[in-house]
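what would the 3D arrangement of this be:
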Amino acid sequence: MQVDRELDTRGLNCPLPILKAKKSLNDMASGQLLKVVSTDPGSLRDFQAFARQTGNELVEQQTIGSDFIHVLKRR
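I've put the predicted structure just below:
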């Protein structure tokens, strides 16, 4: 998967990963992919809710070690 931008939010807790992702998505073109890496376990449900509320597509979520990876597609 070719992501257009990657955002490292390791060490930040809710709501900072969502706020930083929202700011990044606002600077991106429609259809571009944003990868967010977080260490907050709550980010799994937070990004699901964020995608539903904003209309951005949550393309993928995965857990690798202590990292939670979210890939969002800009609406």
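
the closest residue to Q48 other than its chain neighbours in helix, strand or coil?
Nearest residue to Q48, sequence neighbours excluded (Cβ to Cβ, 6 or more residues apart in numbering): L58, at 6.2 Å. C-betas here are computed from N, CA, C, even on glycine. Secondary structure state of L58, per DSSP: H, G, I helix; E, B strand; the rest coil, is strand.

so who does L58 touch?
F47, Q48, F50, A51, H70, V71, L72, K73 (Cβ atoms under 8 Å, 6 or more residues apart in numbering).

biggest separation within these, which pair?
The most widely separated members of these, counting by Cβ to Cβ, are Q48 and K73 (14.0 Å).

more neighbours: which of those two?
Each of Q48 and K73 has its neighbours counted (other Cβ atoms under 10 Å); K73 has more, 19 against 13.

separation between the more buried one and D46?
Distance of K73 to D46, computed by Cβ to Cβ, to the nearest Å: 17 Å.

so how many other residues sit close to D27?
10.

element containing A51?
helix 43-54 (DSSP states H and E).

swap in I69?
strand 67-73.

next one: P17
P17 is part of helix 16-26 when elements are defined by DSSP H and E.

whatever helix or strand comes next after that helix versus helix 43-54: what angle between them?
Later in the chain than helix 16-26, the nearest helix or strand by DSSP H and E is strand 33-38. On the basis of axes from the mean of the first three to the mean of the last three Cα atoms, to 10 degrees, strand 33-38 is oriented at 140 degrees to helix 43-54.

which secondary structure elements does strand 33-38 sit against?
Here strand 33-38 touches strand 5-9, helix 16-26, strand 67-73, going by 3 or more Cβ pairs under 8 Å, 6 or more residues apart in numbering; DSSP states H and E.

just how off-centre is the longest one within its chain?
The reference is to helix 16-26. The chain centroid and the centroid of helix 16-26 are separated by 8 Å under Cα atoms, centre = their mean, to the nearest Å.
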